[in-house]
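Engineer: Here is my input, please return the structure:
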Amino acid sequence: MRNYDLGLTLTSGQTFRWVRQQGAWEGVVGPHWVRLHVALEGIRAETAVPVTNWDWLAAYLQSRVNLEAVLKTFPPDAPLGAAVAACRGLRLLRQDPWECLASFLLSSTKQIVQIQQIIAMLCARYGSPVAVPPGHEPAFAFPCADRLAGCEEAELRACKMGFRARYLRAVAQKVTSGEMDLRRLAVLSMDEARSRLMELPGVGRKIADCVLLFGYGFQQAFPVDVWVMRALGRLYFRGRRVTGRRRERFVATHFGPHAGYAQQYLFHYMRTRGASRPRVAD
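Structural biologist: Got it, this is the predicted structure:
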């Protein structure tokens with residue numbers, strides 16, 4: 001598949017359930033265990049049971065998105081150009097909104113490897129088993145909201161998530177009761193959907209924007225964490241102190257209609273390659 005870096009995409013902090021095994025990537029998408037291989041003709045996928053319609057995987061991988069068209073909407077500035085060059089082929093995924101919301105609730109103040117461990121334990125304890133190849137270790141779907149809503153906080157804390165257990169349980173209960181209808185958010189404006197998400201316990205602006213971008217595909221959502229804050233401060237504001245409101249205005253106007261894509265390039269570049277050698281915007 002042209003201009004699609006699978007490894008870069010799956011390890012760029014959007015999702016936390018993919019593991020590299022013997023030259024391939026293994027994970028669970030919805031009810032499917034999946035193994036992905038990079039091949040000359042593109043990405044080759046295999047599941048444990050026959051699949052006739054692969055639209056669900058194409059939607060998850062966003063493999064039909066014209067990445068070149070997205071990149072052409074970026075402003076021609078040096079920092080973003082360096083990030084794109086360093087992370088060529090990085091894509092945004094489209095995840096299940098509930099799994100995305102729950103995962104980023106669990107990500108607060110944690111490193112990616114720790115988030116992966118928490119989610120793996122949560123899925124093993126509360127997720128439904130999915131079909132795997134003979135002899136393969138068990139794999140599990142992400143637990144549905146009603147399953148987690150019925151857990152005691154202490155049970156969830158046993159998955160090493162600490163104080164986040166309280167938030168996960170409370171949000172699961174709101175989703176299960178219908179007080180939060182995640183399907184409805186898809187038809188709201190981005191600002192309306194963000195406001196609704198931020199009414200949930202433990203959900204601030206950053207988590208809400210992650211869910212909007214990775215779960216719903218709102219392309220102008222621009223999650224700001226410590227790495228993106230560092231990128232904006234070093235590469236665009238030259239170390240000057242700026243107010244949150246000014247930063248929001250800059251993000252909303254500078255990066256264009258696919259600002260969320262720009263954010264992901266800046267995030268991954270700063271986190272993995274550019275932190276020691278940032279370039280300053282002209």
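
Engineer: you'd agree A172 is in a helix?
Structural biologist: Yes. Read with DSSP: H, G, I helix; E, B strand; the rest coil, A172 is one of the residues of a helix.

Engineer: Could you check how many residues crowd around it?
Structural biologist: Close neighbours of A172, defined as other Cβ atoms under 10 Å, add up to 25. In short, each C-beta sits where N, CA and C put it, glycine included.

Engineer: Equivalent analysis for P143, please.
Structural biologist: 23.

Engineer: Not counting sequence-adjacent ones, nearest residue to it?
Structural biologist: Nearest non-adjacent residue to P143, counting by Cβ to Cβ, 6 or more residues apart in numbering: Y126, 3.9 Å away.

Engineer: Go ahead and confirm the one you found touches D146.
Structural biologist: No. Between Y126 and D146 there is no contact under Cβ atoms under 8 Å: 10.6 Å.

Engineer: Same drill for the two, tell me which one is more crowded.
Structural biologist: Each of Y126 and D146 has its neighbours counted (other Cβ under 10 Å); Y126 has more, 19 against 12.

Engineer: tell me the contacts of the more buried one?
Structural biologist: Contact analysis of Y126 by Cβ atoms under 8 Å, 6 or more residues apart in numbering lists 143, 147-148, 151.

Engineer: now it: how far from A149?
Structural biologist: Distance, Y126 to A149, by Cβ to Cβ, to the nearest Å: 11 Å.

Engineer: Next up, the contacts around T15.
Structural biologist: Counting by Cβ under 8 Å, 6+ apart, T15 has contacts 27, 93, 95, 103, 214.

Engineer: give me that answer again for 6 Å
Structural biologist: For T15, the contacting residues are L93, by Cβ atoms under 6 Å, 6 or more residues apart in numbering.

Engineer: quick one: secondary structure of it?
Structural biologist: coil.

Engineer: Need the per-residue pLDDT for it.
Structural biologist: pLDDT recorded at T15 is 96.

Engineer: Repeat that for the one 10 residues further on.
Structural biologist: At W25 the predicted local distance difference test score is 98.

Engineer: for D282, same thing?
Structural biologist: Model confidence at D282, given as pLDDT, is 26.

Engineer: same thing with G42?
Structural biologist: The model's pLDDT for G42 equals 87.

Engineer: what about it, neighbour count?
Structural biologist: G42, neighbours per other Cβ under 10 Å, totals 13.

Engineer: is it true that G7 lies in a strand?
Structural biologist: No. Going by three-state DSSP, the assignment for G7 is helix, not a strand.

Engineer: Next, the residue nearest to P143: phi, psi?
Structural biologist: phi -130, psi -10 (degrees, to the nearest 10).

Engineer: What's the separation between it and A141?
Structural biologist: For Y126 relative to A141 (Cβ to Cβ), the value is 10 Å.

Engineer: counting contacts, what elements does the longest strand anywhere in the chain pack onto?
Structural biologist: In the chain, assigned by DSSP state E, the strand with the most residues is strand 32-39. Packing partners of strand 32-39 (3 or more Cβ pairs under 6 Å, 6 or more residues apart in numbering; DSSP states H and E): strand 24-29, strand 42-47.

Engineer: just the buried members of the contacts of Y126?
Structural biologist: 143, 148, 151 (16 or more other Cβ atoms under 10 Å).

Engineer: still on that earlier bit, so which of the helices and strands packed on strand 32-39 is nearest S107?
Structural biologist: Nearest to S107 among those is strand 24-29; the distance by Cβ to Cβ comes to 16.9 Å.
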